[in-house]
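Trainee: Structure for the following, please:
(2 chains)
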Number of protein chains: 2
Amino acid sequence: MPLFMDVHHGMTGITADQLAAAHRADQAIEASENVHFRQAWADPDSGTVYCLSEAPSPAAVQRVHERAGHKADEIHQVSLMV
Amino acid sequence: MPLFMDVHHGMTGITADQLAAAHRADQAIEASENVHFRQAWADPDSGTVYCLSEAPSPAAVQRVHERAGHKADEIHQVSLMV
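Mentor: Numbering: from 1, shown residues only, chains lettered A, B, ... in the order given. Okay, the predicted model is just below:
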């Protein structure tokens, strides 16, 4: 399954609870799109959130994020990993 | 130890071998800066590389990348993870 790194901007001040709630909202519906969000990292100072997922397509990643209420600003297929 | 996500742009067409060589170059010198690069992901189509590291500071991350010949374009401290 392809891996994707998606990026959210404008999340300045995001808290641990907010990040956890957003991740749970994704996980609650991800199976319907055959997506799995593996991990997410946030920089509250710059307001940047990175999400690593396995998914059939970038559109599937975006559908989960949109339905969960937080559309991604960028979605990159990361076909190489080390 | 703080976690950092750094981003490299302009790496269009990067290959698996090039990503592995860059990662090895970082790992060969990271201890001198008390940095550890955990993982890296690359999107050859958009030319974006993401590196996840543990380090004492963003400056330490950048010193390793610069000495290895590939300065990062952005370095974000990701103080939250889920």
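Trainee: only C-alpha atoms for contact and neighbour calcs from this point on.
Mentor: OK.
Trainee: Show me the beta-bridge partners of the spatially most central residue of chain A.
Mentor: Taking C-alpha atoms, centre = their mean, the centroid of chain A lies closest to residue A:51, which sits 3.7 Å from it. Beta-bridge pairing of residue A:51 under DSSP bridges involves residue A:6, residue A:40.
Trainee: cool, and residue A:75?
Mentor: Bridge pairing for residue A:75 - DSSP bridges - gives residue A:6.
Trainee: can you tell me how far it sits from chain B?
Mentor: Remark: distance between residue A:75 and chain B (C-alpha to the nearest C-alpha, to the nearest Å) = 10 Å.
Trainee: Up against chain B, what does chain A have?
Mentor: A:15-16, A:19-20, A:23, A:39-44, A:46, A:76-82 (C-alpha under 8 Å from any C-alpha of the partner chain).
Trainee: mind redoing it with 10 Å?
Mentor: For chain A, the residues in contact with chain B (C-alpha under 10 Å from any C-alpha of the partner chain) are A:3-5, A:14-17, A:19-24, A:38-52, A:76-82.
Trainee: ChimeraX command to pick out the buried ones of these?
Mentor: Selecting the buried subset of the residues of chain A next to chain B in ChimeraX, with 16 or more other C-alpha atoms under 10 Å in any protein chain shown as the burial test, is done by:
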select /A:3,4,5,14,16,19,22,23,40,41,42,43,44,46,47,48,49,50,51,52,76,77,78,79,80,81,82
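Trainee: quick one: which of the residues of chain A next to chain B sit in helices?
Mentor: Members of the residues of chain A next to chain B lying in helices (criterion: DSSP state H): A:16-17, A:19-24.
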